[in-house]
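Asker: fold the following.
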Amino acid sequence: MVNFKLTISDIKGKSLSKELKDSDANPLLGLQLGNETDASIVGLTGKLKLTGGSDKSGVPMRNDVHGAARKKVLLSRGVGLQDAESGQRKRKLMRGNTISEEIYQVNCKFDGELPVEAPVEEATEEKTEDKKE
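Answerer: As a prediction, this is how the structure comes out:
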């Protein structure tokens with residue numbers, strides 16, 4: 001069973017999350033970061049470009065690490081390295097650039113504008129205050 005949480009952002013900066021399960025998520029298996037796929041898997045018309053993601057334990061995917069395995073990579077800047085000083089390098093655990101069953105979140109860029117959904121108004125219940133005796 002494959003489950004992906006897809007975070008889709010558009011050219012205006014809006015984003016939305018969709019969850020893909022089982023047969024809906026199968027078209028993403030084996031794709032690499034930077035590849036484009038059809039947006040019909042999430043109910044949109046256009047293309048989705050894969051930009052990143054992370055696995056179930058939060059290890060980020062990196063474009064220059066090949067395959068789907070976790071690897072310890074020596075980094076000087078870029079994805080997965082925060083607050084690096086000039087000349088500083090760190091060895092960090094990274095996930096490869098291929099989407100596999102271990103991936104939990106996939107980040108995508110949509111080539112158009114996302115449709116605007118009207119906010120759902122929830123029925124507000126009036127709270128009754130307790131009477132003080």
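Asker: all helices of this structure, in order?
Answerer: With DSSP state H as the definition, the chain shows no helices.
Asker: got any ranges where it has weak pLDDT?
Answerer: Flagging of the chain using pLDDT under 70 yields the residue ranges 117-133.
Asker: dump the residue contacts of residue 32.
Answerer: 50, 97, 98, 99 (CB atoms under 8 Å, 6 or more residues apart in numbering). To be clear about C-beta, it is placed using only N, CA and C from the backbone, and glycine gets the same treatment.
Asker: what is the neighbour count of residue 30?
Answerer: For residue 30, the neighbour count with other CB atoms under 10 Å is 11.
Asker: cool, and residue 3?
Answerer: Residues near residue 3, counting by other CB under 10 Å, number 14.
Asker: quick one: contacts for it?
Answerer: 19, 20, 21, 22, 25, 104.
Asker: quick check: the residue nearest to residue 27 when sequence neighbours are not counted vs residue 21, distance?
Answerer: In space, and not counting its chain neighbours, residue 27 is closest to residue 41: 5.6 Å by CB to CB, 6 or more residues apart in numbering. Remark: distance between residue 41 and residue 21 (CB to CB, to the nearest Å) = 12 Å.
Asker: who has more neighbours, those two?
Answerer: The neighbour count for residue 41 versus residue 21, taken as other CB under 10 Å, is higher for residue 41 (17 against 10).
Asker: in this structure that one contacts residue 20, no?
Answerer: Yes: counting by CB atoms under 8 Å, residue 41 does reach residue 20; the two are 6.8 Å apart.
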